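# Any chance you can model this:
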Amino acid sequence: MARLGSGSAIVISLVVLSSIAFWSLPAEATDYNVGGGDGTWQVPAANGPDYQTWASSNTYTTGDRLMFRYDRTQHSVLRVTPQAYDSCNFTSPLETYEHDDAVLDVELEDAQMYYFICGVSGHCQAGQKFNVEVTKAAAAALTYSIPMIIAVISFTSYLMIL
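Here you go, the predicted structure:
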């Protein structure tokens, strides 16, 4: 077997370490209770949630989820175009969300604007709507740990012995 020189071992180790340095993990997603509190999706009462104020107070990135809690017999969740949002037109939604659980979770998959309304007549006009701007999630940087550095040094030493 050919023996690697110390220069080759160092180059290989630097390549391994550099590869690890540029490797990244996706940032952790966040779950948001719609409207704050327990996330109850309802027609806002006089002292109830202002959905747009709540939505504007958060920063959303891809992978985050919106958690809607509501009675399916009383409300719905629709994703609509900006024009349908402004006019509260729920006749041709981009997406109608269905669920069987107590909580509907909507993952914000793409970096874009999302517009949500309730599709029950009069609810959107009463304020049961909001929009969010979603940006691409940044990758979480991978930091070097002591065990990782020891492993690379050991690997380099092993290569020098070969």
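
# And the closest residue to residue 75 other than its chain neighbours, how far from residue 66?
In space, not counting the residues next to it along the chain, residue 75 is nearest to residue 118; the distance is 5.1 Å by Cβ to Cβ, 6 or more residues apart in numbering. All C-beta spots, glycine's among them, are computed from the backbone N, C-alpha and C. Using Cβ to Cβ, to the nearest Å, we find residue 118 at a distance of 14 Å from residue 66.

# low-confidence ranges in this structure?
When the per-residue scores of the chain are filtered using pLDDT under 70, the ranges that remain are 1-27, 139-162.

# top strand in it by residue count?
Longest strand in the chain by number of residues (criterion: DSSP state E): strand 129-135.

# residues of it that come out buried?
In terms of neighbour count (16 or more other Cβ atoms under 10 Å), strand 129-135 has its buried residues at 129-132, 134.

# Tell me the one among the residues you listed nearest to residue 92.
For the buried residues of strand 129-135, the minimum distance to residue 92 (Cβ to Cβ) is 15.8 Å, reached by residue 129.

# beta partners of the closest residue to that closest one other than its chain neighbours?
On the basis of Cβ to Cβ, 6+ apart, the spatially nearest residue to residue 129 that is not a chain neighbour turns out to be residue 117, at 4.2 Å. For residue 117, the beta-bridge assignment (DSSP bridges) gives partners residue 78, residue 129.

# Residue 117 reaches residue 126, doesn't it?
No - Residue 117 is not in contact with residue 126 according to Cβ atoms under 8 Å; the separation is 10.8 Å.

# Just want to know which of the two has more residues nearby.
residue 117 (24 against 15; other Cβ atoms under 10 Å).

# can you pull the contacts of the residue nearest to residue 113 when sequence neighbours are not counted?
Using Cβ to Cβ, 6+ apart and skipping residues adjacent in sequence, the residue nearest residue 113 is residue 133, 5.4 Å away. Residue 133 sits next to 60, 112-114 when contact means Cβ atoms under 8 Å, 6 or more residues apart in numbering.

# ok, which stretches of this protein are strands?
Along the chain, counting by DSSP E, strands occupy 24-26, 31-33, 60-61, 65-69, 78-79, 95-96, 103-107, 113-117, 129-135, 139-141.
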